[in-house]
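Colleague: Generate coordinates for the sequence data below:
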Amino acid sequence: MEMHQLAYFESVSRHLHFTRAAEELNVAQPSVSQQIRKLETELGAPLFHRMKRHVALTEAGKTFLPHARAVLQRVDEARLEVQELSGLRRGTLAVGAPPSVGTHLLPRALAAFSSRHPGIALAFREAGSRTLLGLLEQGELDMAVVIQPIRHPALETRPLLEEELLLAVPRRHPLASGQRRVRLAQLREEPFVLLREGAYDLRDQTLAACRRSGFDPVVALDGGEMDSMLRFVAAGIGVAILPEMVLADIERPDGPVAVRRLQPKLTRSLVLARRRDRYFSAAAREFTGVLEEAATVNHGD
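Modeller: So this is what the prediction gives:
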């Protein structure tokens, strides 16, 4: 049983005439007759009483008609649903990002996407890169912004943004006056505020950078979250190495935190990751462009 046979049957049932049905369907009348006979053979019963000038439904035809119409309607609904998805009129998109990106880059991108495509429901998950990679692998996210390096055979990545890591110091700290660039080795005796272990790649990057400069940092406070780090620094607990996007808007002459560049220069690379074997929807493709646009604007700032 094929879809076009159901469509032919439904049209003949409405018109009770093979020729008129053929005209509506834009096919030759013999083709309609042939396909209806094939359908009747498969069902094992005639669907129409065939008379000289018109036809009438048999009892089998009357029984089969609502089922045929239901199938055709479901197919039309499915076609419309797919077209709406591909046309970005409805659907869902699940996106993940680390807290620094979720706080400073994603709001602009999510707002722009939602404004352009209000029919797409957005779901957002904020977590460290390791957690996000697990969610991608499990299929709970369509895409996620994560920090390089990424080595996962099931995932593919797309470069998004490379940004500098900067030093945040309390405003009354000696490093807050004078020099604009601080050698990492100068921080040997400085108390550090560190992010929570296991949740943030930036913690590991900070420790590795200090060790390359010949020391293990003195830890004044361990286990911070990204949104609390600046408050800890401002309170004078210690210094912290944080992404440029987190620090971009906070340095003011009268502000509680001063920002200094590091020598050697530290950077992190952000990429957009997704599963290789998962369909990349129109919504996901569109959001990729919006996010790249937001990243360009953010980096330009």
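Colleague: only C-alpha atoms for contact and neighbour calcs from this point on.
Modeller: Fine.
Colleague: Now the helix or strand harbouring residue 121: buried residues?
Modeller: Applying DSSP states H and E as the criterion places residue 121 in strand 120-126. Within strand 120-126, the residues that count as buried by 16 or more other C-alpha atoms under 10 Å are 120, 125, 126.
Colleague: Please apply the same query to stretch 146-161.
Modeller: The neighbour-count check on stretch 146-161 (16+ other C-alpha under 10 Å) flags 146, 147, 148, 155, 157, 160, 161 as buried.
Colleague: just the residues you listed now: which is nearest residue 286?
Modeller: Relative to residue 286, the closest of the buried residues of stretch 146-161 is residue 160; by C-alpha to C-alpha it sits at 14.5 Å.
Colleague: what helix or strand is that closest one on?
Modeller: Assigned by DSSP H and E, residue 160 belongs to strand 155-170.
Colleague: Same check on residue 288?
Modeller: Assigned by DSSP H and E, residue 288 falls in helix 282-300.
Colleague: quick one: that helix to strand 120-126, angle?
Modeller: Helix 282-300 runs at 50 degrees relative to strand 120-126, counting by axes from the mean of the first three to the mean of the last three C-alpha atoms, to 10 degrees.
Colleague: Which other helices and strands does helix 282-300 contact?
Modeller: Counting contacts by 3 or more C-alpha pairs under 8 Å, 6 or more residues apart in numbering; DSSP states H and E, helix 282-300 packs against helix 59-86, strand 91-97, helix 106-116, strand 155-170.
Colleague: want to try TSV for those, with mean pLDDT as columns?
Modeller: Listed next are the helices and strands packed on helix 282-300 as TSV, based on pLDDT from 0 to 100:
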stretch	mean pLDDT
helix 59-86	84
strand 91-97	91
helix 106-116	92
strand 155-170	94
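Colleague: May I see the ones you listed arranged in JSON lines, with distance to residue 223 as well?
Modeller: Below are the helices and strands packed on helix 282-300 laid out as JSON lines (distance: least, C-alpha to C-alpha, whole Å):
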{"stretch": "helix 59-86", "distance to residue 223": "42"}
{"stretch": "strand 91-97", "distance to residue 223": "19"}
{"stretch": "helix 106-116", "distance to residue 223": "24"}
{"stretch": "strand 155-170", "distance to residue 223": "17"}
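Colleague: Out of those, which is closest to residue 38?
Modeller: helix 59-86 (13.9 Å).
Colleague: Tell me the buried residues in that closest one?
Modeller: 61, 64, 65, 68, 72, 85.
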